[in-house]
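Asks: quick one, structure for this:
(2 chains)
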There are 2 protein chains.
Amino acid sequence: MTLRIGVVGGGQLARMMIAPAVEIGIDLRVLAEEAGMSAALAASAVGDYRDSATVLEFARDVDVITFDHEHVPQDVLADLVAAGVSVHPSPEALAVAQDKLVMRARLAELGMPQPEWAAVTTTQDLQDFLDAHGGSAVVKTPRGGYDGKGVRVVHAATEADDWFAALAEDARGGALLVEELVDFSRELAQQVARRPSGQMRAYPVVETVQRGGVCAEVIAPAPHAGARLIDVARQIGETIAEGLGVTGMLAVELFETTDERLLVNELAMRPHNSGHWSQDGAVTGQFEQHLRAVLDLPLGDPSPRAAWSVMVNILGGPADGGLEERFAAAMADHPEAKVHTYGKAPRPGRKVGHVTAAGPDLDDAVYQARAAASVFLG
Amino acid sequence: MTLRIGVVGGGQLARMMIAPAVEIGIDLRVLAEEAGMSAALAASAVGDYRDSATVLEFARDVDVITFDHEHVPQDVLADLVAAGVSVHPSPEALAVAQDKLVMRARLAELGMPQPEWAAVTTTQDLQDFLDAHGGSAVVKTPRGGYDGKGVRVVHAATEADDWFAALAEDARGGALLVEELVDFSRELAQQVARRPSGQMRAYPVVETVQRGGVCAEVIAPAPHAGARLIDVARQIGETIAEGLGVTGMLAVELFETTDERLLVNELAMRPHNSGHWSQDGAVTGQFEQHLRAVLDLPLGDPSPRAAWSVMVNILGGPADGGLEERFAAAMADHPEAKVHTYGKAPRPGRKVGHVTAAGPDLDDAVYQARAAASVFLG
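Replies: Sure thing, here's the model as predicted:
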């Protein structure tokens, strides 16, 4: 019997599951938000993922439901489970990824190192936190943020007044998350795959470079990473994956502080931009690994294929024309680079593709990936 | 403007073009012989590739037509060209791959080393050839053979009487191809990609192991291959690609004789079983390379990613049940193996998938690939 996976959401993460699904021989079906999305080739349905009837109908002929994003409402997830659908990651795990206050509380329970944080419901609460943390902090809306959205560095409590006002109007009520401004030397990411039956495989910890709150580059493995850092990062990833019962891919975004601690910044319970290098650079890419994990198939080897892999996002794309019009120039000058595009129209700041390069020399791989990606810009 | 490739034929070679097409961002459409074939996910039409109207209709909205196989009749190809469709490889090149007598004659014109051969139209012609070559020879039907079909070793001219009788009934008339029985130590294959504008990239020469006329295993690069052999194989491949004006992937099957010569056995103008290792084992896999070549995009780096890559075909598949039911066992014991299946029902001798393994140690890669493939048998 053919194995059938249903993916809710038609974005680039669903799109990038298509290649390994075809290679292995898994029937991948996508519920896309609209026609013509990144994962259109595998879209068997178009509809609203916030509508239980739509999602239940989509789920009827698949073995497992998984996700392109973490935004499916808990009531829809509950209806899936009640209907006997296998859902990975589970609603309980997703609840932690869907709310940053829940995440901070659960990570604290698990004893995970993280920035100092608080739930604040008033400007005075926030001012108190600022006063106790040198006058600066990061304020986050607990829900709906991504790629830097819903995140704001503040130096005065009044800078979050619009969000407090919005909270007051939100029927859910609730609080904002405030976190200390961490003095970090760089950002890292640790990915772990976990099966429902418990098996885990950790990818090498990678260095991520963010620009304007958006992932711009990833180097795998993280340069200058000693055995202790590698070990601590893996333990954090595995503790969270197991502690939260994550199934599929988990990404843990980490700060490496100037005093050499690792603090958990964000979680993602799906394939993640920090793991795109693995499509070309690891024996088992994160998209194949996610498919295997949610089907509870034995996990693949996450080892790197080369000493260094570098991923550079194509952010925005060409000022005129499509990405396709730059293929020839990029491929002519960088025959060893791997070009990935998402079938999305270029727009300032939008993630429309990425490039990877790999090899024995880090500087060369960085140069090749950056130079090839830059052909798609301007 | 999205680049659109139309592939005539819905078999596993078309299927394996889907992954790189999605990754790069190329709109791949397939004209499948019937519903539910290997490349069904990308099938935009189902119909008979021998019918000009069907193929012309399919070709209307694509930038280039290419092929899953070499069986499209010349009159259909001519109609495509007359309609202004870009066809790669060209009808002229395909004509050489479609008829082994034409191939032998053209290779002779190009000065390529090949077995002694003759076109024979009568039993007496064949007997004369046998008498001149130690009493044994290989007889081949010029058209329609593949995977050992249409190939017969004979020791007496009467052993080809049925084929002579069939020829007499065939309106095209014609002859059989007879070739000397080559005393070879092993079989090799040389792949070359060539763009319409002339750029070529050669893959490393590989060793192929045939069983019952069907490719069973491939080792890349060919073990114990000295600089001279590598050089001669590449020159043969490039001379043929250029001499015949091949566009896309060319595979040249070679005999390495016991006296260390290389002789051309067969040609294929498409991605080829001898290159499946490159999907996982080369920087640019043969399927991506074929797409780039037929679109006249700059070719990718064909370098191996590991010291050794091994491909083992899954021939026949499980005696009961589908390949999927063996996924867990194969993946549990061989996390570093890459499993590829073609969406075809198991049947004795049928190519239903393959496994690759790669690494620094040849014996280990051979073991892993063979052991993982064997999980799918019996």
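Asks: what residue spans form the domains of chain A?
Replies: A:4-87, A:116-180, A:184-374 (automatic domain parsing).
Asks: turn these into CSV, including mean neighbour count, distance to chain B and mean pLDDT.
Replies: (Each C-beta comes from the backbone N, C-alpha and C, glycine too.) Shown next, in CSV, are the domains of chain A (neighbours: other C-beta atoms under 10 Å in any protein chain shown; distance: least, C-beta to the nearest C-beta, whole Å; pLDDT from 0 to 100):
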stretch, mean neighbour count, distance to chain B, mean pLDDT
domain A:4-87, 20, 3, 98
domain A:116-180, 16, 21, 89
domain A:184-374, 21, 3, 97
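Asks: and of these, who's closest to residue B:113?
Replies: domain A:184-374 (30.2 Å; C-beta to C-beta).
Asks: how far is stretch A:105-122 from where the chain is centred?
Replies: Relative to its chain's centre, stretch A:105-122 lies at 20 Å (C-alpha atoms, centre = their mean, to the nearest Å).
Asks: no wait, stretch A:368-376
Replies: Worked out by C-alpha atoms, centre = their mean, stretch A:368-376 lies 22 Å from the chain centre.
Asks: show me what it is in contact with.
Replies: A:217, A:310-314, A:317-318, A:323, A:326, A:329-330, A:333-334, A:336-337, A:339, A:352-357, A:359 (C-beta atoms under 8 Å, 6 or more residues apart in numbering or on different chains).
Asks: same thing but 6 Å
Replies: Counting by C-beta atoms under 6 Å, 6 or more residues apart in numbering or on different chains, stretch A:368-376 makes contact with A:310, A:312, A:314, A:317, A:323, A:326, A:329-330, A:334, A:337, A:355, A:357, all of which sit outside it.
Asks: go on, stretch A:180-191?
Replies: A:115-116, A:133, A:136-138, A:203, A:205-208, A:222, A:233, A:237, A:251-258, A:263, A:274-275.
Asks: show me the helices in the stretch 151-300 of chain A, by range?
Replies: A:161-169, A:227-243, A:277-281, A:286-294 (DSSP state H, counting those that start in this stretch).
Asks: from the contact counts, what lies against the shortest one?
Replies: In this structure, helix A:277-281 makes packing contacts with strand A:308-315, strand A:351-359, judged by 3 or more C-beta pairs under 6 Å, 6 or more residues apart in numbering or on different chains; DSSP states H and E.
Asks: now the following helix or strand past the longest one, how far from the chain's geometric center?
Replies: If I follow you right, that is strand A:351-359. Later in the chain than strand A:351-359, the nearest helix or strand by DSSP states H and E is helix A:362-374. Here helix A:362-374 is found 23 Å from its chain centre; the criterion is C-alpha atoms, centre = their mean.
Asks: likewise stretch A:39-48?
Replies: That offset, for stretch A:39-48, works out to 21 Å (C-alpha atoms, centre = their mean).
Asks: what of stretch A:244-262?
Replies: 12 Å.
Asks: who touches that stretch?
Replies: Contacts to stretch A:244-262, defined as C-beta under 6 Å, 6+ apart, come from residues A:66, A:88-89, A:93, A:96, A:182-186, A:188-194, A:196, A:232, A:236-237, A:240-241, A:263-269, A:271-272, A:274, A:286, A:290, A:293-294.
Asks: same deal with stretch A:2-11?
Replies: A:14, A:26-33, A:37-39, A:43, A:49, A:58-59, A:62-69, A:72, A:295, B:324.
Asks: ok so, going back, let's have the domains of chain A in CSV, adding distance to residue B:346.
Replies: CSV is the format used below for these (distance: least, C-beta to C-beta, whole Å):
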stretch, distance to residue B:346
domain A:4-87, 12
domain A:116-180, 44
domain A:184-374, 19
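Asks: among the contacts of stretch A:2-11, which ones are in helices?
Replies: Of the positions in the contacts of stretch A:2-11, A:14, A:58-59 sit in helices, assigned by DSSP state H.
Asks: so which bits of stretch A:104-114 are buried?
Replies: A:104, A:106-107, A:112, A:114 (16 or more other C-beta atoms under 10 Å in any protein chain shown).
Asks: and the average pLDDT for that stretch is what?
Replies: For stretch A:104-114, the mean pLDDT works out to 98.
Asks: contact partners of that stretch?
Replies: With C-beta under 6 Å, 6+ apart as the criterion, stretch A:104-114 contacts A:96, A:117, A:239, A:243, A:263-264.
Asks: end to end, how far does it reach?
Replies: 8 Å (C-alpha to C-alpha, to the nearest Å).
Asks: check the offset of it from the chain's centre.
Replies: 19 Å.
Asks: before we move on, the earlier item: which ones among the contacts of stretch A:244-262 map onto strands?
Replies: A:66, A:184-186, A:188-194, A:263-268 (DSSP state E).
Asks: which residues sit in contact with the residue most central in space within chain A?
Replies: Among the residues of chain A, the one closest to the centroid is residue A:272, at 3.2 Å (C-alpha atoms, centre = their mean). If you count contacts by C-beta under 6 Å, 6+ apart, residue A:272 has them with residue A:251.
Asks: where's it relative to residue A:191, distance?
Replies: Plainly put, residue A:272 is 7 Å away from residue A:191 if you go by C-beta to C-beta, to the nearest Å.
Asks: next one: residue A:251
Replies: On the measure of C-beta to C-beta, residue A:251 and residue A:191 end up 5 Å apart.
Asks: re the thing from before, relative to residue B:78, which of the helices of the stretch 151-300 of chain A is closest?
Replies: Going by C-beta to C-beta, the one of the helices of the stretch 151-300 of chain A nearest residue B:78 is helix A:277-281, 40.3 Å.
Asks: other residues contacting that closest one?
Replies: Residues contacting helix A:277-281 (C-beta under 6 Å, 6+ apart): A:218, A:220, A:285-286, A:304-305, A:309, A:311, A:338, A:356, A:358.
Asks: for residue A:79, find the nearest of the helices of the stretch 151-300 of chain A.
Replies: Checking the helices of the stretch 151-300 of chain A against residue A:79 by C-beta to C-beta gives helix A:286-294 as the closest, at 18.9 Å.
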